[in-house]
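> need a structure here:
(one chain, ligands or ions: 1)
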Amino acid sequence: MELSCTRLTPALGATAQLPHEAGGISDEAADLVHDALIKHSVLVFPRAGLDPGRMVQLGQALGTLGARHHSYATHPDYDDVVVLTWGGDQKPDAAEWHSDMTYRGTPPFASILKAVEVPPVGGDTLWASMFAVHDALDPGMRRDLEQLEAVHDMGAFRTGAYRQGGNEALSEALAQTGAAVHPVIAHHPVTGRPYVNVSESFTRFVIGLSAPESARLLTYVFDLINRPDFHVRVKWEAGTVAIWDNRGTQHYAVADYLPQRRVMHRVAVTTDKRTPSVAAP
Ligand SMILES: O=C(O)CCC(=O)C(=O)O
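Residues are numbered from 1 along each chain as shown. Okay, here's the model as predicted:
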């Protein structure tokens, strides 16, 4: 059995109805969601009817939770639900292409995001297929990139730490979030499909290159993500839920709605239950 999905763009994304019942999300339903996620990379469920408890339950049906973010607030009743609130003069911080938390050795496999309060207009989220970016690389460049690894760290989250407590807080935040080296071209653990695995937000440096060579190469690769044919753009309504596979996608939250408010709930799923080859952190 398959989840009935409507594809959103040739590159990625599909809409569907979330298969849950009064009693919760069964393992069979989670299997369907997982299969569809692997196929489409991003799933959008309008009017999904998921309260924070159900979001946690869905996350647990997909894998293990626990990859809490170092700087965001959490829901008062559910530690696993991050609350992202922007508005007034609070500038959103995710208007950069990124895959979540790649400064960790094991970044979350998937994220579940629900729109709680949306501005009257704006505040869309875009996702890019990093498989498509990979496939568009010149074959010579692809071969070169396959040999390389790059360092990821907390990127612009440095600003918040520094403004809060100067050098000491900055060093502490860097130590706490850590850094991780990942291959520049990674392979999806379920399908084996190669994808470009560096992001503007978190990839700092290519191992083995000089600083200028690394900066030139990364800038070239980052720019490739901007081709609209690689994207899907989601317009939120309150109650819409999206799930994305962090392996092979990046996303960008458009910050065009201030001073209006936008509130989102997010659950990060660290490990993929159905892909045992992915090690726990
Ligand atoms: O608010 C959004 O649309 C996306 C937020 C985001 O970038 C994230 O959860 O990593």
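> Which strand in the chain has the most residues?
Counting residues, the longest strand found in the chain (DSSP state E) is strand 262-272.
> near the ligand at all, that one?
Yes - with CB under 6 Å from any ligand atom as the measure, strand 262-272 is seen reaching the ligand through 264, 266. For glycine as for every other residue, the C-beta is placed from the backbone atoms N, C-alpha and C.
> Would you quantify the distance from the closest residue to the ligand within the stretch 151-281 of the chain to residue 163?
Residue of the stretch 151-281 of the chain nearest the ligand, by CB to the nearest ligand atom: residue 253 (3.5 Å). Distance of residue 253 to residue 163, computed by CB to CB, to the nearest Å: 21 Å.
> How about residue 177?
For residue 177, the distance to residue 163 equals 16 Å [CB to CB].
> packing partners for the strand or helix carrying residue 242?
Secondary structure assignment for residue 242, by DSSP states H and E: strand 241-245. Where contact means 3 or more CB pairs under 8 Å, 6 or more residues apart in numbering; DSSP states H and E, strand 241-245 is packed against helix 27-40, strand 42-45, helix 52-62, strand 110-117.
> Okay, angle between the longest strand of the chain and helix 52-62 too, please.
20 degrees (axes from the mean of the first three to the mean of the last three CA atoms, to 10 degrees).
> in the longest helix belonging to the chain, what's buried?
Looking across the chain with DSSP state H, the single longest helix is helix 157-177. Residues 157, 160, 161, 170, 173, 174, 177 are the ones in helix 157-177 that count as buried (16 or more other CB atoms under 10 Å).
> Tell me the one of the residues you listed nearest residue 223?
Using CB to CB, residue 157 is the member of those that sits closest to residue 223, with 22.9 Å.
> didn't that closest one look like it was pressed against residue 170?
No - judged on CB atoms under 8 Å, residue 157 makes no contact with residue 170 at a distance of 10.0 Å.
> Tell me the residues of the stretch 101-250 of the chain that contact the ligand?
Residues of the stretch 101-250 of the chain lying near the ligand (CB under 6 Å from any ligand atom): 111, 113, 125.
> Was I right to think the first one contacts residue 247?
No - counting by CB under 8 Å, residue 111 does not reach residue 247; the two are 11.4 Å apart.
> out of those two, which sits in the busier spot?
Per other CB atoms under 10 Å, whichever of residue 111 and residue 247 has more neighbours is residue 247, with 26 against 23.
> got a list of what the more buried one touches?
When contacts are counted by CB atoms under 8 Å, 6 or more residues apart in numbering, residue 247 touches 99, 109, 186, 188, 189, 195.
> Do you know the pLDDT at it?
For residue 247, the model assigns a pLDDT of 96.
> where's it relative to residue 107, distance?
According to CB to CB, residue 247 stands 9 Å off from residue 107.
> Need the overlap of contacts for these two.
With CB under 8 Å, 6+ apart, residue 247 and residue 107 have common neighbours residue 99.
> What ranges in this protein fall below the confidence cut-off?
Applying pLDDT under 70 to the chain flags residues 67-70, 276-281.
> Give me the domain ranges for it.
6-121+233-272, 130-224 (automatic domain parsing).
> Could you single out the most deeply buried of the ones you listed?
Across the domains of the chain, averaging neighbours per residue (mean count of other CB atoms under 10 Å) puts domain 6-121+233-272 on top, at a mean of 19.
> What is the end-to-end distance of it?
Domain 6-121+233-272 stretches 24 Å from its first residue to its last (CA to CA, to the nearest Å).
> Show me what the residue in the stretch 101-250 of the chain that the ligand sits nearest to bridges to in the sheet.
Closest to the ligand within the stretch 101-250 of the chain is residue 125: 3.6 Å, counting by CB to the nearest ligand atom. On the basis of DSSP bridges, residue 125 takes part in beta bridges with residue 234, residue 253.
> Over to residue 113?
Beta-bridge partners of residue 113, as defined by DSSP bridges: residue 242, residue 266.
> Relative to residue 94, how far out is it?
Computed with CB to CB, the distance linking residue 113 and residue 94 is 10 Å.
> same deal with residue 268?
Counting by CB to CB, the gap from residue 268 to residue 94 is 13 Å.
> next one: residue 34
From residue 34 to residue 94 the distance is 25 Å (CB to CB).
> before we move on, what about residue 140?
Distance from residue 140 to residue 94, by CB to CB: 33 Å.
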